[in-house]
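1. Here is a sequence with its predicted model. Questions after.
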Amino acid sequence: MEEEIQHMWVKTNGIKLHVAEQRGKGGPLVLLLHGFPEIWYAWRHQIPFLASHGYHVVAPDLRGYGDSDAPLSPSSYTILHIVADLIGLLDHFGEPTAFVVGIDWGALAAWYMSLFRPDRVKGVICLAVPYSPRDPSTKPTDSYRQFYGNNFYVCQFQEPGRAECAFARYDYVTVMKKFLLLGRMDSLVAPEGMEMVDYLNTPSILPPWITEEELQVYADKFQESGFTGPFNYYRALDLNWELLAPWQGAKITVPAKFIIGKKDIGFENLGTKDYIEGSIFKSIVPNLQVVILDSHHFIQLEKPQEVSNEILSFLQDISSHQ
């Protein structure tokens, strides 16, 4: 039998990260990276499954989330910081390489870890958020305002304190419902004069893939840690854009799989479907498989066994060729 999930804090890159870990029988390290608004617990279905197949599974709370350290300044949340945190985890566990799996912001971290340090990444699996080329002429927030207006959620998250105050009007379980249960027909652009968190629907009936008790686990952690750390990822977007200039035009060369749900809020609304089916995505991630499932955004929760199987088949396929 593999060990149960263990919890620890790891010093890396000047901070402490809380990590959930389950060891299989001597297999490669697999990093599981959560998104917004999640914690390590987002991977509760995949951790024991992968460990039961022999893998050494590590799911951190990313900086700013859960029980990990949360620096106050948005400038401490660049993609360079996040990737350096993760390289430090590999070093801590004495692993020269790892498989990296991420969803949402965790997907961005996984893509950029593969870009910056392909020598440390055996293969990458990203859920919901594809790798996109840097636009050399326009900062991300300017681009978002141009396409979606000032009430796009990313734009509303930019001003320090604004979204924090808006979120504080709700109990934490309600906030989790609004974001974790986003539907295909929801919009991420609020009407004029309304905050995003006020605009989003609060489902009265939960879908079968999540319970009130599970939502409470997330809510309790965010009640302790707050939302400023998570918002700071969005507030560092333009700084990321500046820092990423040296990688302009660079490709993701490691073996990659991208998984998205066709009911994801961004699949058709935000142009993701056209992008992943077009030529640009496949040209900048040449070693790529694309899988589309019948799911919403948080695909690893809604379709846990399908996602677990997709991860496992990729890991086994890459390992058999290395």
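-> Nice, I can see it. Residues are numbered from 1 along each chain as shown.

2. Where do the strands of the stretch 101-250 of the chain begin and end?
-> 121-127 (DSSP state E, counting those that start in this stretch).

3. List the residues that contact residue 117.
-> 83, 87 (CB atoms under 8 Å, 6 or more residues apart in numbering). C-beta coordinates here come from the backbone N, C-alpha and C atoms, glycine included.

4. Next up, phi/psi of it, please.
-> When quoted as degrees, to the nearest 10, the phi and psi of residue 117 stand at phi -130, psi 60.

5. Please report the distance of it from residue 299.
-> 26 Å (CB to CB, to the nearest Å).

6. Repeat that for residue 212.
-> In terms of CB to CB, residue 212 sits 21 Å off from residue 299.

7. Look at these two and report which has more neighbours.
-> Set residue 212 next to residue 299 and count neighbours by other CB atoms under 10 Å: residue 299 wins out with 24 against 10.

8. any idea how far the nearest residue to that one once chain neighbours are set aside lies from residue 303?
-> Leaving aside its sequence neighbours, residue 299 sits nearest to residue 261 (CB to CB, 6 or more residues apart in numbering; 4.7 Å). Applying CB to CB, the value for residue 261 to residue 303 is 7 Å.

9. which residues are common contacts for the two?
-> In contact with both residue 261 and residue 303: 293-295, using CB under 8 Å, 6+ apart.

10. Separate out the buried members of those residues.
-> Among the shared contacts of residue 261 and residue 303, the ones that count as buried by 16 or more other CB atoms under 10 Å are 293, 295.

11. Could you give the average pLDDT over stretch 66-76?
-> On average, the pLDDT along stretch 66-76 is 97.

12. ok, and what's touching the longest helix along the chain?
-> Taking DSSP state H as the criterion, the chain has its longest helix at helix 304-321. With contact meaning CB under 8 Å, 6+ apart, helix 304-321 is reached by 28, 30, 45-46, 49-50, 53, 55, 99, 101, 122-123, 125, 127, 209, 255, 257, 259, 289, 291, 293, 299-300.

13. For this structure, which residues score under the pLDDT cut-off?
-> With pLDDT under 70 as the threshold, the chain has low-confidence stretches at 1-3, 322.

14. Next, count neighbours for residue 94.
-> 7.

15. same thing with residue 149?
-> Applying other CB under 10 Å, I find that residue 149 has 12 neighbouring residues.

16. Okay, and the beta partners of the residue nearest to residue 299?
-> Bridge pairing for residue 261 (DSSP bridges) gives the partners residue 293.

17. Please look at it and residue 300 and confirm they touch.
-> No - using CB atoms under 8 Å, residue 261 is not in contact with residue 300; the gap is 10.1 Å.

18. quick one, which of the two is more surrounded?
-> residue 300 (27 against 23).

19. How about exporting whichever strand or helix holds the more buried one as CSV, limited to the C-alpha atoms?
-> Secondary structure assignment for residue 300, by DSSP states H and E: helix 299-302. Extracted in CSV, the C-alpha atoms of helix 299-302 (Å, rounded to 0.1, in the frame of the first residue of the first chain):
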residue,chain,number,x,y,z
ILE,A,299,-12.4,19.7,-15.0
GLN,A,300,-10.3,17.7,-12.5
LEU,A,301,-13.2,18.0,-10.0
GLU,A,302,-16.1,17.5,-12.5
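
20. which residue packs closest to residue 290, ignoring adjacent ones?
-> residue 258 (5.1 Å).

21. Wait, a strand at that neighbour?
-> Yes - assigned with DSSP: H, G, I helix; E, B strand; the rest coil, residue 258 falls within a strand.

22. Kindly provide the distance from it to residue 228.
-> 30 Å.

23. Name the residue in the two with the higher neighbour count.
-> Using other CB under 10 Å as the criterion, residue 258 and residue 228 rank with residue 258 on top: 22 against 17.

24. Give the full set of residues in contact with the more buried one.
-> 125-127, 130, 276, 281, 285, 288-291.

25. Residue 219 too?
-> 171-173, 175-176.
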